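Novice: sharing a model that was predicted from the sequence below.
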Amino acid sequence: MIIETENLTKYYGKIRGIENLSFSIEKGEIFGFLGPNGAGKTTTIRTLLGFLKPTGGKAFIFGKDIEKEILEIKEMTGYIPGELNLYGNLTAKDFLDYFGKLRKNFDEKKLKELLEIFEVPLDRKIKGYSRGMKQKLGIIQAFMHNPELVLMDEPTSGLDPLLQGKFYDFLREEKKEGKTMFISSHILTEIEKISDRVGVIKDGNLIALENIEALKSKKGKVVKVKTKEKIKIRGIKMGEENGWTTFVVTKNVDDVIKKLAAYTIEDIEIGELSLEEIFMHYYR
Amino acid sequence: MKIAIHSLKTSWKGILLLNLVFIGLTAMVIGIYPNIKESSGMQEYINNLPESILYMFGGSELELDITILEGFLNMELYQWGWVLLLGVYFAFVSSSLISKEIENKTIDMLLSNPVSRGRILLEKFLGLVPSIILINITTPLVILGCAAYINETISVEYLFYTHFASIPYLLAACALGLLFSVIFDEVRRANTMVIGTVFAMYILEALSLLSEKYSAMGKISLSHYYDPGKILIQHDVDITGIAILFLVTGVLLIIAIIYFQRKDIAVV
């Protein structure tokens, strides 16, 4: 087990951050941590890294207690913060050099590799960097010491689609090397592309913990149909727009289609449920 | 030591400027000294100043004897330049050290490295030490050079002690600044609070000299334990004072570390 939390709780005074989070992440897993803004994703990550003291529960990373052995944990961990704030007055080169020296296991070869994938202007001061460049630098510093685990807080915000693809490919390669990754996001399609397993957090509570495959097998079809009459099928909620009726069918497809046959169908589209729609449907 | 070195690297411009200012200031003070010495009315004027003002400039009449270079230096350079200005400067600079990382949120990145908060604080403190030592080397050298130029003599030994004793005083100011720096998340707040505190302590010490009634008050002031005039003119080195300042530095650092360790680094 790389990460294990037991009822991890963090209150900021009376304000809830996270509540009774219990989950575990195995070695080599890419774990997607999904939730809307303000759900507690960042609080979870910052608590795991020891920036915040938990107000309840326990958490272990590499079997080490986050409250007692955080330094040993950080030795083998990388982190990409949600809001990337780097030392603006340093050049990227100086910044990487500074952080490299703070880590015993800094890997020069790895850094070279990373710089080839994520090119950044090394001699320019970071304050002159664009958001995307900063994000790349954030990725580089998180991986340059070959960590066993990397915690990422919305790492793809600020990356253009091309770079996002590059980043995902990179993560897949890292996974092959047995690295474990924890990625928070509020975008389902993003998590869907890369994760093995997904935890869903809402209002500080973990409301779902599933394999991505299991999640996808929570199948269903989205049916969009254009009919002359107004459709009514018992037990199914209909959405209507411009003469099209949309609804989700999760079971008894046969039954629904047969009922539809009673209407005058002008047009019909049937598609797979996206993960987003799965969540909307199952976990709301 | 990487954090200390990094801290030093990013502050060298300020250190250089500080040294240049004090070199200029010192040269100027000594430069005008021959004229002051000859104008006989000056000492009389000083002696006639109200006591409260005199104490602001450094206490007893003996220490304000501008007929000797030491007295003039004490009044024009050490009392306000060293005790007040440098005290404020180092407290100010150190009060930004952690608060700046928190305000700019770079603390997240720094703390993601395997470095303890105690180490970060201590290294930031250590990063200030070279600048304290440097200013205490350049200034006496300029004093000796300029004094020789105007044919004045000054005790090298006690000039050395004067500066040596200022090191624990300035270290204590730094430790105080660091404490403010971990308490306040905003640089401006930390800065103003610590400047206010150092200034208040200076005033308190001056007041405490005024009357027996207030004499206890001065004891909570850092400047109570460092009196450059006493060393330079009366050749009286306050060993206890030096020891207390080192002790205070240690205690302030420990409090700062404990406070920092317990602090939640929240996203603001």
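Specialist: Arrived safely. Numbering: from 1, shown residues only, chains lettered A, B, ... in the order given.
Novice: let's check: the centremost residue of the chain is which one?
Specialist: You didn't say which chain, so I picked chain A. residue A:184 (3.1 Å; C-alpha atoms, centre = their mean).
Novice: oops, wrong one, chain B.
Specialist: residue B:87 (2.6 Å).
Novice: which SSE is immediately downstream of the stretch of helix or strand the residue nearest to the centre of chain A belongs to?
Specialist: Taking DSSP states H and E as the definition, one finds residue A:184 inside strand A:180-185. Next helix or strand after strand A:180-185 toward the C-terminus (DSSP H and E): helix A:188-194.
Novice: still on that earlier bit, the strand holding residue A:184: partners in the sheet, and parallel or antiparallel?
Specialist: Strand A:180-185 sits in its sheet next to strand A:30-34 (parallel), strand A:149-153 (parallel), going by DSSP bridges.
Novice: with just CA atoms, put the first one into CSV.
Specialist: Coordinates of the C-alpha atoms in strand A:30-34 are reproduced here as CSV (Å, rounded to 0.1, in the frame of the first residue of the first chain):
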residue,chain,number,x,y,z
ILE,A,30,-3.0,6.1,-11.0
PHE,A,31,-5.6,7.3,-8.7
GLY,A,32,-8.0,9.9,-9.9
PHE,A,33,-9.4,12.2,-7.2
LEU,A,34,-12.5,13.8,-8.5
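Novice: what about residue 220, how many neighbours?
Specialist: All of this refers to chain A. Counted with other C-beta atoms under 10 Å in any protein chain shown, the neighbours of residue A:220 add up to 16. All C-beta atoms are positioned from the backbone trio N, CA, C, and that covers glycine.
Novice: actually, chain B is the one I wanted.
Specialist: Neighbour tally, residue B:220, other C-beta under 10 Å: 12.
Novice: now the one 10 residues further on
Specialist: Applying other C-beta under 10 Å, we find 21 other residues in the vicinity of residue B:230.
Novice: three-state assignment of it?
Specialist: helix (DSSP: H, G, I helix; E, B strand; the rest coil).
Novice: wait, it sits on residue B:238?
Specialist: Yes: with contact defined as C-beta atoms under 8 Å, residue B:230 counts as touching residue B:238 (6.8 Å).
Novice: stretch A:109-119 and chain B in contact?
Specialist: No: contact of stretch A:109-119 with chain B (C-beta under 8 Å from any C-beta of the partner chain) is absent, the minimum separation being 15.0 Å.
Novice: tell me the buried residues in that stretch?
Specialist: Buried residues in stretch A:109-119, defined by neighbour count with 16 or more other C-beta atoms under 10 Å in any protein chain shown: A:110-111, A:113-115, A:117-118.
Novice: returning to what we had before: in the strand holding residue A:184, what counts as buried?
Specialist: Buried-residue list, strand A:180-185, by 16+ other C-beta under 10 Å: A:180-185.
Novice: hang on, the earlier thing: so which of the buried residues of stretch A:109-119 are in helices?
Specialist: A:110-111, A:113-115, A:117 (DSSP state H).
Novice: of all these, which comes closest to residue B:196?
Specialist: residue A:111 (45.4 Å; C-beta to C-beta).
Novice: touching, that closest one and residue A:140? I think so.
Specialist: Yes: using C-beta under 8 Å, residue A:111 is in contact with residue A:140, at 7.1 Å.
Novice: next one, pLDDT for residue B:180 please.
Specialist: As predicted, residue B:180 sits at a pLDDT of 97.
Novice: wait, it sits on residue B:93?
Specialist: No: assessed by C-beta under 8 Å, residue B:180 is found out of contact with residue B:93, at 11.5 Å.
Novice: name the residue in the two with the higher neighbour count.
Specialist: residue B:180 (27 against 21).
Novice: tell me how far that one lies from chain A.
Specialist: For residue B:180, the distance to chain A (C-beta to the nearest C-beta, to the nearest Å) stands at 21 Å.
Novice: wait, what's in contact with the nearest residue to residue B:83 once chain neighbours are set aside?
Specialist: Setting aside the residues directly before and after it, residue B:83 is nearest to residue B:223 in space (C-beta to C-beta, 6 or more residues apart in numbering or on different chains), at 5.0 Å. The neighbours of residue B:223, taking C-beta atoms under 8 Å, 6 or more residues apart in numbering or on different chains as the test, are B:83-84, B:87, B:169, B:201-202, B:205.
Novice: now, those that are in helices?
Specialist: Cross-referencing the contacts of residue B:223 against helices under DSSP H gives B:87, B:169, B:201-202, B:205.
Novice: want to throw the residues you listed into JSON lines with distance to residue A:98 and pLDDT?
Specialist: As requested, the ones in helices among the contacts of residue B:223 are arranged in JSON lines below (distance: C-beta to C-beta, whole Å; pLDDT from 0 to 100):
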{"residue": "B:87", "distance to residue A:98": "30", "pLDDT": "95"}
{"residue": "B:169", "distance to residue A:98": "31", "pLDDT": "97"}
{"residue": "B:201", "distance to residue A:98": "35", "pLDDT": "91"}
{"residue": "B:202", "distance to residue A:98": "37", "pLDDT": "88"}
{"residue": "B:205", "distance to residue A:98": "40", "pLDDT": "86"}
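Novice: make sure residue A:19 is indeed in a strand.
Specialist: Yes: secondary structure of residue A:19 (three-state DSSP): part of a strand.
Novice: my read is that it contacts residue A:39, right?
Specialist: No: counting by C-beta under 8 Å, residue A:19 does not reach residue A:39; the two are 11.1 Å apart.
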